[in-house]
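Visitor: Sharing a model that was predicted from the sequence below.
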Amino acid sequence: MNSVDKKKRGGKRSPASDDPNAQIAMKLRAFYHQVQDEALPQRFLDLLEKLDAVESRVQRVE
């Protein structure tokens, strides 16, 4: 039974299958979750605060 037959019958493919696309997707998901859990650098947070301050000043002038 090939993967098309499995999909038609509602069967799930193993994530550890030999399908390179499934392996790439699994690794990309893991990488995305790892990056998502990283803290933002303080320098970036400082720049965002400066941007907010400038934007609020510009809005008051308008």
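Guide: Thanks, I have it.

Visitor: State which helix of the chain is the longest.
Guide: Using DSSP state H, we find that the single longest helix of the chain is helix 42-61.

Visitor: Rounded mean pLDDT for it, please.
Guide: Averaging pLDDT along helix 42-61 yields 93.

Visitor: next one: stretch 22-34
Guide: 95.

Visitor: And that stretch, how far out from the chain middle?
Guide: Offset of stretch 22-34 from its chain centre (CA atoms, centre = their mean, to the nearest Å): 9 Å.

Visitor: what do you get for stretch 46-59?
Guide: 27 Å.

Visitor: just stretch 51-62 next, same as before
Guide: 31 Å.

Visitor: CA atoms only for that stretch, dumped as CSV, please.
Guide: Extracted in CSV, the C-alpha atoms of stretch 51-62 (Å, rounded to 0.1, in the frame of the first residue of the first chain):
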residue,chain,number,x,y,z
LEU,A,51,10.9,53.3,18.6
ASP,A,52,7.7,53.5,20.7
ALA,A,53,8.9,56.7,22.3
VAL,A,54,9.6,58.4,18.9
GLU,A,55,6.3,57.2,17.5
SER,A,56,4.3,58.6,20.4
ARG,A,57,6.1,61.9,20.1
VAL,A,58,5.2,62.0,16.4
GLN,A,59,1.6,61.2,17.0
ARG,A,60,1.4,64.1,19.6
VAL,A,61,2.8,66.6,17.0
GLU,A,62,0.2,65.5,14.4
